[in-house]
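S.K.: What follows is a predicted protein model with its sequence.
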Amino acid sequence: MDSLQLHALLLLHPCASSPSLRQLRFPLPLIRNSRNRNFRLFSAHNGGAASQDGPFAFEEKVVSSPKDDRGLVLARETDDFGYLVGFRLIPESGLEELMSVQHAIAEEDSSSDEAKKPGLKDTGEEEAETRVSYNIIFVTAEAAPYSKTGGLADVCGSLPIALAARGHRVMVVTPRYIHGTSEDAKFAGAVDLAQRTKVSCFGGAQEVGFFHEYREGVDWVFVDHPSFHRPGNPYGDKFGTFGDNQFRFTLLSHAACEAPLVLPLGGFTYGEKCLFLANDWHASLVPVLLAAKYRPHGVYTDARSILVIHNIAHQGVEPAITYSSLGLPTEWYGALEWVFPTWARTHALDTGEAVNFLKGAVVTADRIVTVSKGYSWEITTSEGGNGLHELLNGRKSILNGITNGIDVTEWDPSCDKHIAFNYSVDDLSGKAKCKYALQQELGLPVRPDCPLIGFIGRLDYQKGIDLIRLAMPELMEADVQFVMLGSGNPIYEDWMRATESVYRDKFRGWVGFNVPISHKITAGCDILLMPSAFEPCGLNQLYAMRYGTIPVVHETGGLRDTVHNFNPYTEDSKTESTGWTFSPLTKESMLAALRYAIQTYNEHKSSWEGLMLRGMTKDYTWVNAATQYEQIIEWAFIDPPYC
């Protein structure tokens, strides 16, 4: 046979049925292929029955004799019907050389793999493994425990610590909110760096200061300015939203861009090669500033930015005339330009022109991340994108979703200091005692057999309060108890008070937010209700599952990703389910899901305990989320800056 021939075509009969295997030998020339690094030695046999590889079976075998003329199968050729018609082969005459090369490659790969393995401490505990360490700057309006109104604070209070534990240098830049109350003690550990910086915006040079606290491996940097010193929460007070929020968070963005350059934390600055994680609209000017203010002058050319969208409903939209106050070049107006549709304008002469902070980050950031996979899809739809869906669709290739984690040290029923009794997966007896203590503290009849339903969250439309109001009279007809904790719309707060007076033995409403009470409700309730109209991720359902409290949630965003619906008639449900989901968002659908949960609690204790145990053993730690963020950060640095 010609030595240049590369194929050996075998005319094979698919109906071959000889019970004995007849070994086929192919004395073909050596075919060198340096690109194929994975070689296996096979013998081809004419089999009796056709397999998925055709009517021939392959037997892997080690070469035993140099005189053996069997060939090395590199590839198989099949016809349009899937039958084997040929091989690409290497004869054994060249296998000795080939095997020595393969052995050398295998040793190289083995040593490389060993180098990649994480080291082990003497205790056997696996150390954090990080391929590349980065300088990471979180920019956020709130970060627990220093300031908090919702899930944004939880993310920016926990994720930086998880990333720092994996070997990264992490800084969190957030305002230093001073309210003139006892809450100011949260900043007692922060030291004034005596570093005053002037930033140009809003018609002049605004001077800001920096306070610093090093805690749990993270540099917590607090931007100090008189506009952050007032009663209320980070965004408003009892009279409503602050009118100068655009000014306050423009200062935050400018100060965050200066901090890595001017603050010698630990003896040296973070420098220009860093990764900015801009959280929501409050920090959305950061990617724009990097592109428009710094890079044209050769600064931050090696930096990258990632926009993290926690809630796309809030975008930082202000009149177009305010653009001149933001400290951006005139030619960059288009990045923030926003025009309301005709139906959304206030009057016939309204042109609808505005500036949109979040839109500016969408079109300038190197990557975009949402706080769940489901939400990353929802914001690309007209129903969930709040007007930005077309822009987000255009950047879908760099859009990812990462489900938030939870702080398993703060939210751990086995050692939680806020609850009356501790318990764990191995011993659930403390769960019933927590329920007893909660009923007693709230003045409800102490009834261990009565399902106790809880709600924790802001009192606004997003959280489904209207749905709860509509369903409450019908729900109160059942043998249940209901407790709510939250603050927000005064109308809903008054409704909670009125409902408590009507259903004195069944309903309790706690107006406000109280951390110990939220832990007690999470531990003491049997069911947690979350009928959110939309929920980017949601953390309360994760807390509930960790405490053995069964979530009943609307099938949206992160709720759909994290809560798996229980169906007693399917095997998968018995191994994966953690609660109940309902859709569409209607009173009838929500009540139906609650009735299933109540019935299961009353009549199927073994199924209920299975739901509890599955939820308590789910892994929603920040370590998992941090690993995924590392991958996004790595991708961000692969390409040049987007702008």
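M.R.: Great, that's in hand. Residues are numbered from 1 along each chain as shown.
S.K.: so what's Trp635 up against?
M.R.: Trp635 is in contact with 367, 398, counting by C-beta atoms under 8 Å, 6 or more residues apart in numbering. (Glycine included, C-beta is placed from N, CA and C.)
S.K.: wait, Ile517 sits on Met484?
M.R.: No - judged on C-beta atoms under 8 Å, Ile517 makes no contact with Met484 at a distance of 10.9 Å.
S.K.: Now the common contact residues for those two.
M.R.: In contact with both Ile517 and Met484: Trp510, using C-beta under 8 Å, 6+ apart.
S.K.: Please identify which of these two sits among more neighbours.
M.R.: Met484 (25 against 18; other C-beta atoms under 10 Å).
S.K.: host element of the more buried one?
M.R.: Using DSSP states H and E, Met484 sits in strand 481-486.
S.K.: what's the nearest residue to Tyr596 if we skip its chain neighbours?
M.R.: Trp580 (5.8 Å; C-beta to C-beta, 6 or more residues apart in numbering).
S.K.: Give me the sheet partners of the strand holding Met484 and which way each runs.
M.R.: strand 452-456 (parallel), strand 507-511 (parallel) (DSSP bridges).
S.K.: CA-only coordinates of it, as CSV, when you get a sec.
M.R.: This file holds the C-alpha atoms of strand 481-486, laid out as CSV (Å, rounded to 0.1, in the frame of the first residue of the first chain):
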residue,chain,number,x,y,z
GLN,A,481,-51.4,32.9,62.1
PHE,A,482,-49.6,35.7,60.2
VAL,A,483,-46.8,38.0,61.2
MET,A,484,-45.4,40.9,59.2
LEU,A,485,-42.3,43.0,59.6
GLY,A,486,-41.6,46.0,57.4
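S.K.: Packing partners of the next helix-or-strand element following that strand?
M.R.: Sequence-wise, the next helix or strand downstream of strand 481-486 (DSSP H and E) is helix 490-502. Helix 490-502 is packed against helix 465-475, strand 507-511, with contacts defined by 3 or more C-beta pairs under 8 Å, 6 or more residues apart in numbering; DSSP states H and E.
S.K.: at 10 Å instead, please
M.R.: In terms of contacts (3 or more C-beta pairs under 10 Å, 6 or more residues apart in numbering; DSSP states H and E), helix 490-502 is packed against helix 465-475, strand 481-486, strand 507-511.
S.K.: Minimum distance to Ala344: which of the ones you listed has it?
M.R.: helix 465-475 (22.2 Å; C-beta to C-beta).
S.K.: ok, residues contacting the closest one?
M.R.: Contacts with helix 465-475, where a contact means C-beta atoms under 10 Å, 6 or more residues apart in numbering, come from 453, 455, 457-461, 464, 482, 484, 486, 488-489, 491-492, 495-496, 499, 502-503, 506-507, 529, 531-533, 554, 585-591, 594-595, 598.
S.K.: follow-up on the earlier one: out of the strands paired with strand 481-486, indicate the one that is most buried.
M.R.: Most buried of those by mean neighbour count (mean count of other C-beta atoms under 10 Å) is strand 452-456; its value is a mean of 24.
S.K.: angle of that strand against helix 465-475?
M.R.: On the basis of axes from the mean of the first three to the mean of the last three C-alpha atoms, to 10 degrees, strand 452-456 is oriented at 170 degrees to helix 465-475.
S.K.: Quick one: distance of strand 452-456 to the chain centre.
M.R.: Its chain's average C-alpha position is 25 Å from that of strand 452-456, according to C-alpha atoms, centre = their mean, to the nearest Å.
S.K.: what about that strand, average pLDDT?
M.R.: If you average the pLDDT over strand 452-456, you get 97.
S.K.: what angle sits between that strand and helix 490-502?
M.R.: Here strand 452-456 runs at an angle of 160 degrees relative to helix 490-502 (the same axes, to 10 degrees).
S.K.: Doesn't Trp338 belong to a strand?
M.R.: Yes - applying DSSP: H, G, I helix; E, B strand; the rest coil, one finds Trp338 inside a strand.
S.K.: In contact with the closest residue to it other than its chain neighbours, which residues are there?
M.R.: In space, and not counting its chain neighbours, Trp338 is closest to Asn356: 3.7 Å by C-beta to C-beta, 6+ apart. Applying C-beta under 10 Å, 6+ apart to Asn356 gives the contacts 281, 284, 315-318, 320, 335-340, 362-363, 387-388.
S.K.: quick one: which of those residues sit in strands?
M.R.: 317-318, 337-339 (DSSP state E).
S.K.: ok, of these, which one's closest to Thr380?
M.R.: Trp338 (18.2 Å).
S.K.: what's the longest strand in this protein?
M.R.: Assignment by DSSP E gives strand 204-215 as the longest strand of the chain.
S.K.: just checking, Pro329 touches Ala292?
M.R.: Yes - using C-beta atoms under 10 Å as the test, Pro329 is close enough to Ala292 to be in contact (5.4 Å).
S.K.: So if I had to pick from the two, which one is more boxed in?
M.R.: Neighbours per residue, other C-beta under 10 Å: of Pro329 and Ala292, the larger number sits with Ala292, 20 against 9.
S.K.: how about stretch 244-255 as PDB, C-alpha atoms only?
M.R.: Coordinates of each C-alpha in stretch 244-255 appear next as PDB, following Å, rounded to 0.1, in the frame of the first residue of the first chain:
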ATOM      1  CA  ASP A 244     -30.000  66.300  46.200                       C
ATOM      2  CA  ASN A 245     -29.400  62.600  45.700                       C
ATOM      3  CA  GLN A 246     -27.900  63.200  42.300                       C
ATOM      4  CA  PHE A 247     -25.400  65.500  43.900                       C
ATOM      5  CA  ARG A 248     -24.600  63.200  46.700                       C
ATOM      6  CA  PHE A 249     -24.000  60.100  44.600                       C
ATOM      7  CA  THR A 250     -22.100  62.100  41.900                       C
ATOM      8  CA  LEU A 251     -19.700  63.000  44.800                       C
ATOM      9  CA  LEU A 252     -19.500  59.300  45.700                       C
ATOM     10  CA  SER A 253     -18.500  58.300  42.100                       C
ATOM     11  CA  HIS A 254     -15.900  61.000  41.800                       C
ATOM     12  CA  ALA A 255     -14.400  60.200  45.200                       C
END
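S.K.: Pull out the buried positions in that stretch.
M.R.: 245-255 (16 or more other C-beta atoms under 10 Å).
S.K.: and what of stretch 384-398?
M.R.: 384-385, 387-389, 392, 395, 398.
S.K.: Between the residues you listed, which sits nearest Tyr620?
M.R.: Closest to Tyr620, out of all of the buried residues of stretch 384-398 and judged by C-beta to C-beta, is Gly384, at 22.9 Å.
S.K.: and the nearest residue to the closest one once chain neighbours are set aside, what does it touch?
M.R.: Of all residues not flanking Gly384 in the chain, Glu378 sits nearest, at 3.5 Å (C-beta to C-beta, 6+ apart). For Glu378, the contacting residues are 312, 370, 372, 384-385, 389, 401, 534-536, 556-558, 560, by C-beta under 10 Å, 6+ apart.
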